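Undergrad: Let me see the structure of the following:
(chains A and B)
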Amino acid sequence: KQEVTQIPAALSVPEGENLVLNCSFTDSAIYNLQWFRQDPGKGLTSLLLIQSSQREQTSGRLNASLDKSSGRSTLYIAASQPGDSATYLCAATLMEYGNKLVFGAGTILRVKS
Amino acid sequence: KAGVTQTPRYLIKTRGQQVTLSCSPISGHRSVSWYQQTPGQGLQFLFEYFSETQRNKGNFPGRFSGRQFSNSRSEMNVSTLELGDSALYLCASSFGTGLTGELFFGEGSRLTVL
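TA: Here you go, the predicted structure:
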């Protein structure tokens, strides 16, 4: 059973397009959910952290929402740029799994110029 | 301010050997957590330390161990290396515990086991 699932697995879009990445989790009892980006061969860069008491967070062209009742989070990227090309990972701290941080498999994003 | 520093960045070992990886957190951060990343399993939680105490542990065999020092620096050790231990090992630090704090990751230590 996959505790945290990300859809789609890969996405290719033209520059300037708005896009949505999806993350779903199996346990509504979460402490927080965090979105990261990872460039090839690199570590993870934190994008947005949403606490369980929050509904959304915004940073620049990025907006992340959290819906605990449906077990879903979305990352919205506005006006995508080639520099946004990376793997995007969501991670949830789930009470059901001993309060451990559980990662999704990621969405590989390619923005074409 | 300086980010999370992991050393060494790359290393090659043979089966049966042991390895120690080091992680220096962002100044002021008291929590350090470790993760293993492989193409097949993705990112998996290894353990978390806060103020020198292990707070949480993932589903890894006892060959994987760690510790945290009084200055918050952390080390992880893998004994009796197996081919399947080849991976990128990432550490992350946060000001609070992993339950509430934003995580900041290092660049990772890439281990190859031959």
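
Undergrad: Which helix or strand contains B:Leu88?
TA: In this assignment (DSSP states H and E), B:Leu88 forms part of strand B:87-94.

Undergrad: Tell me the first helix or strand C-terminal of that strand.
TA: Immediately after strand B:87-94, counting by DSSP H and E, sits strand B:104-105.

Undergrad: which stretches of chain B form strands?
TA: B:5-7, B:10-13, B:19-24, B:31-38, B:42-50, B:53-57, B:64-68, B:74-78, B:87-94, B:104-105, B:109-113 (DSSP state E).

Undergrad: Just the pLDDT at the closest residue to B:His29 other than its chain neighbours, thanks.
TA: With Cβ to Cβ, 6 or more residues apart in numbering or on different chains as the measure, B:Ser93 is the residue that lies nearest to B:His29, at 3.9 Å, once sequence neighbours are left out. For the C-beta atoms, the positions are set from N, CA and C on the backbone; glycine is no exception. What the model reports for B:Ser93 is a pLDDT of 93.

Undergrad: do the same with A:Ala105
TA: Confidence at A:Ala105, expressed as pLDDT, is 95.

Undergrad: So what's the residue count around it?
TA: For A:Ala105, the number of neighbouring residues by other Cβ atoms under 10 Å in any protein chain shown comes to 17.

Undergrad: Test my guess that it contacts A:Ile7.
TA: No. Here A:Ala105 does not reach A:Ile7: they are 9.9 Å apart, not a contact under Cβ atoms under 8 Å.

Undergrad: Might you enumerate the residues of chain A proximal to chain B?
TA: A:31-32, A:34, A:36, A:42-46, A:49, A:51, A:89, A:91, A:93, A:98-106 (Cβ under 8 Å from any Cβ of the partner chain).

Undergrad: Buried subset of these, written for PyMOL?
TA: In PyMOL, a selection of the buried entries from the residues of chain A next to chain B looks like this (16 or more other Cβ atoms under 10 Å in any protein chain shown):
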select buried, chain A and resi 31+32+34+36+42+43+44+46+49+51+89+91+93+99+100+101+102+103+104+105+106
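
Undergrad: Next step: the residues of chain A next to chain B restricted to helices.
TA: Counting by DSSP state H, none of the members of the residues of chain A next to chain B fall within helices.

Undergrad: beta partners for A:Val111?
TA: A:Val13 (DSSP bridges).

Undergrad: Contacts only, for B:Ser31.
TA: If a contact means Cβ atoms under 8 Å, 6 or more residues apart in numbering or on different chains, then B:Ser31 has B:Pro25, B:Glu48, B:Tyr49, B:Phe50, B:Arg55, B:Ser93, B:Ser94, B:Phe95, B:Gly96, B:Thr97, B:Gly98, B:Gly101 as its contacts.

Undergrad: To clarify, my last question referred to B:Ser22.
TA: Under the contact definition (Cβ under 8 Å, 6+ apart), the residues listed for B:Ser22 are B:Gln6, B:Thr7, B:Arg73, B:Ser74, B:Glu75.

Undergrad: Where does pLDDT dip in chain A?
TA: In the prediction, chain A carries residues with pLDDT under 70 at positions A:1-2, A:97.
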